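Student: next one to model:
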Amino acid sequence: MAIKVAKFGGSSLADANQFKKVKNIIEADDERRFIVASAPGKRSADDIKVTDMLYDCYEKAIEDEDFDENFAKVKERYNGIINDLGIDLSLDEDFEKIKSSFFAMAGRDYAASRGEYLNSKILAKYLGFDFIDAAKYIFFNDRGEFDWEKTKSKLRPKLENMEGKAVIPGFYGSMPNGTIKTFSRGGSDITGSIVARACHADLYENWTDVSGFMIADPRVIKDSKPIKTITYTELRELAYMGAGVLHEDAIFPVRSAGIPINIRNTNIPDDPGTMIVSDTAEKSEYIITGIAGKRGMSVINIEKDKMNSEVGFGRNVLRALEKSEVSFEHMPSGVDTMSVVIQSDNLKGHENEIMDEIKSRVHPDQLYIENDLALITVVGRGMKSARGTAGILFKALADARVNVKMIDQGSSELNIIVGVAEEDFDIAMKAIYDAFIK
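Tutor: Presented below is the predicted three-dimensional model:
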């Protein structure tokens, strides 16, 4: 029988009503054997995620402040789910252990991880599945990096030898000394991917509150069409530029094993969602697969005659950034010009030292920083074989009276990146979408 791993996000497990939807989804397909659960998310726009509630409790604990009232709200949240589901389960011992661990300074990662831990215990009981504590089977090394080899040696035999089904908390594992370590925020996606690889799953389903990836950010393009199929490479490009349905690090474990990911909507389970695959011969409905972008960028512009004949010019510019421990995003260049694109937050506070270092190393004719830039990327496997893609893009921006400040195209011809003023971001996104999709 085929094996599916299904991860359910915080919005999918926010309350008892959502738990019931999740149960119906799981029981509708017997191949859904291993379930990865997140902590309860927001029930409404003004609600608070349980993870944030736990962070708040822990901060009060380490400041030696009373957090009984705050922790009571956490208990109320979980007990409310248990009561509404009508299951025979008490988390009182867990609550007491968590409180005492907070007093013992168990760490912020431990505090955050308890949201997934408790929610998974409830879901396991509700489904009649086994509960597997991620701390015993997902590991990090001494540097805090995920340790696949150790994880594989423990998790794979555990899953392969199971006769039944199981729920596994997302988001965390353990360090060599036994302390809890979490992935970055949204890391339950990564746990699901790790579990899928460990059990040789045929499919990794990631259930959330949207019906897959949209071609463009629905906050900017209200009626954006969905992406039916996307490759891992295309997804990486879009995720890097801010497309945030799936944690970008969740791609790597399943990609190496050739396991597809299906992004699905818990609230509309009949929607097919988006399939993420290693490779596909399937043609996109449109020339492009998706559009994404991010604001808050700055550009260091460098001009110098005969720059191209100076051996080590680019290296010296990058060494100036390295000295200030600042990373760069892109580096488009001409014969006598070079632009280095940096996230504004990373550059802030280092401007003068970087500029002085560049001046001393390469002696530019002109050197200046331009702020308030936004980057927009157009991604698509169909672009390589389609003529005039760049022409369509630049005509759309010109017709919308958007000035292009920077252009960068990858050698694979999979994407084109343009830089525009932040104030033109929404206008540019809509113009590009209309040119390629409508």
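Student: count the neighbours of the closest residue to Ser278 other than its chain neighbours for me.
Tutor: Spatially, and ignoring its direct neighbours in sequence, Ser278 is nearest to Gly258 (5.3 Å; CB to CB, 6 or more residues apart in numbering). The way it works is simple: take the backbone N, C-alpha and C, and place the C-beta from them, glycine included. Neighbourhood size, Gly258 [other CB atoms under 10 Å]: 11.
Student: average pLDDT for the longest helix seen in the chain, rounded please.
Tutor: Of all the segments of type helix in the chain, defined by DSSP state H, the longest one is helix 108-127. In this model, helix 108-127 carries a mean pLDDT of 98.
Student: which parts of that helix are buried?
Tutor: For helix 108-127, the neighbour count (16 or more other CB atoms under 10 Å) marks 109-127 as buried.
Student: what does stretch 164-181 give?
Tutor: 165-175, 180-181.
Student: where does the chain dip in pLDDT?
Tutor: Residue ranges of the chain with pLDDT under 70: 243-245, 281-283, 410-412.
Student: just the element for Asn301, please.
Tutor: Assigned by DSSP states H and E, Asn301 belongs to strand 290-303.
Student: so what's the gap between that strand and the chain middle?
Tutor: With CA atoms, centre = their mean, to the nearest Å as the basis, strand 290-303 stands 20 Å off its chain's centre.
Student: repeat for stretch 80-95
Tutor: Taking CA atoms, centre = their mean, one finds the center of stretch 80-95 at 31 Å from the center of the full chain.
Student: what of stretch 318-335?
Tutor: With CA atoms, centre = their mean as the basis, stretch 318-335 stands 25 Å off its chain's centre.
Student: with just CA atoms, put that stretch into CSV.
Tutor: Included here for stretch 318-335 are C-alpha records, laid out as CSV according to Å, rounded to 0.1, in the frame of the first residue of the first chain:
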residue,chain,number,x,y,z
LEU,A,318,32.4,41.6,-1.9
ARG,A,319,35.2,41.5,0.7
ALA,A,320,34.0,45.0,1.8
LEU,A,321,30.6,43.4,2.6
GLU,A,322,32.2,40.4,4.2
LYS,A,323,34.2,42.6,6.5
SER,A,324,30.9,44.0,7.9
GLU,A,325,29.3,40.5,7.8
VAL,A,326,26.6,41.7,5.4
SER,A,327,25.3,39.3,2.7
PHE,A,328,24.1,40.3,-0.7
GLU,A,329,21.1,39.2,-2.8
HIS,A,330,22.1,40.0,-6.4
MET,A,331,25.0,41.6,-8.3
PRO,A,332,24.0,42.8,-11.8
SER,A,333,26.8,44.5,-13.7
GLY,A,334,27.9,46.3,-16.9
VAL,A,335,31.3,47.0,-18.4
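Student: any residues touching that stretch, and which ones?
Tutor: 297, 307-308, 314, 338-343, 346-347, 350, 353-354, 357-358, 361, 375, 406-408, 417 (CB atoms under 8 Å, 6 or more residues apart in numbering).
Student: how about the helices in the protein?
Tutor: Remark: helices assigned in the chain by DSSP H are 16-27, 50-62, 68-85, 92-103, 108-127, 148-160, 188-198, 232-240, 251-257, 313-323, 344-347, 351-362, 389-399, 425-436.
Student: looking at the ones you listed, which is closest to Asp223?
Tutor: Closest approach to Asp223 among these (CB to CB): helix 425-436, 9.6 Å.
Student: which neighbouring elements make contact with that closest one?
Tutor: The contact analysis (3 or more CB pairs under 8 Å, 6 or more residues apart in numbering; DSSP states H and E) places helix 425-436 against strand 290-303, strand 366-379, helix 389-399.
Student: and that helix with strand 366-379, angle?
Tutor: Interaxial angle of helix 425-436 relative to strand 366-379 (axes from the mean of the first three to the mean of the last three CA atoms, to 10 degrees): 40 degrees.
Student: show me which residues of helix 425-436 are buried.
Tutor: Phe425, Ile427, Ala428, Met429, Lys430, Ala431, Ile432, Tyr433, Ala435, Phe436.
Student: repeat that for stretch 12-26.
Tutor: Ser12, Leu13, Ala14, Asp15, Ala16, Gln18, Phe19, Lys21, Val22, Ile25, Ile26.
Student: now do stretch 62-69
Tutor: For stretch 62-69, by 16+ other CB under 10 Å, it's Phe67.
Student: and that stretch, end to end?
Tutor: 16 Å (CA to CA, to the nearest Å).
Student: what's it in contact with?
Tutor: Applying CB under 8 Å, 6+ apart, the contact partners of stretch 62-69 are Asp56, Cys57, Lys60, Ala61, Phe102, Met105.
Student: may I see those residues organised as a markdown table, with distance to Asp47 and neighbour count added?
Tutor: Listed next are the contacts of stretch 62-69 as a markdown table, based on distance: CB to CB, whole Å; neighbours: other CB atoms under 10 Å:
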| residue | distance to Asp47 | neighbour count |
| --- | --- | --- |
| Asp56 | 14 | 17 |
| Cys57 | 17 | 23 |
| Lys60 | 20 | 17 |
| Ala61 | 23 | 21 |
| Phe102 | 23 | 22 |
| Met105 | 29 | 11 |
